[in-house]
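Engineer: Dropping a prediction and its sequence here:
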Amino acid sequence: MVQLILHGVGERQGSDKELLCDVQGIADDLLAEGLRALDDVGVLMRQRHHTYALSEWGQGLHDVVYALGRWASPLM
């Protein structure tokens, strides 16, 4: 789920509703829970109008999560 959220947020800021459209296959409540959790640990920053962006630390994690996703993709 983290990879899906980071992918949705990674390139731009987005609202939770915009992310729900971008992140396919995840229920509204799970997305909201994931966004809150990533905000709580400092990966995301919640901004005005319920938009989210990657924090500076989250931007570094973005590359790591993408690398793991590329590594695991043949197994999916």
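Structural biologist: Yep, that arrived. Residues are numbered from 1 along each chain as shown.
Engineer: Which stretches in the chain count as helices?
Structural biologist: Per DSSP state H, the chain carries helices over the ranges 2-10, 16-22, 28-40, 56-72.
Engineer: Lowest average pLDDT across those helices?
Structural biologist: Confidence, taken as mean pLDDT, is least for helix 16-22 of the helices of the chain (a mean of 61).
Engineer: Counting neighbours, which bits of stretch 68-76 end up buried?
Structural biologist: For stretch 68-76, the neighbour count (16 or more other Cβ atoms under 10 Å) marks no residue as buried. Any C-beta I mention is one placed from the backbone N, CA and C, and that applies to glycine too.
Engineer: what about that stretch, how long is it end to end?
Structural biologist: 12 Å (Cα to Cα, to the nearest Å).
Engineer: Look up the residues forming beta bridges with Leu44.
Structural biologist: Leu54 (DSSP bridges).
Engineer: wait, doesn't it sit right on Glu56?
Structural biologist: No - Leu44 lies out of contact with Glu56 (Cβ atoms under 8 Å); the separation is 11.3 Å.
Engineer: The two: which has the busier surroundings?
Structural biologist: Leu44 (23 against 8; other Cβ atoms under 10 Å).
Engineer: gap between the more buried one and Trp71?
Structural biologist: As for Leu44, its distance to Trp71 is 23 Å (criterion: Cβ to Cβ, to the nearest Å).
Engineer: now Gly34
Structural biologist: Noted for Gly34: a distance of 21 Å to Trp71, by Cβ to Cβ.
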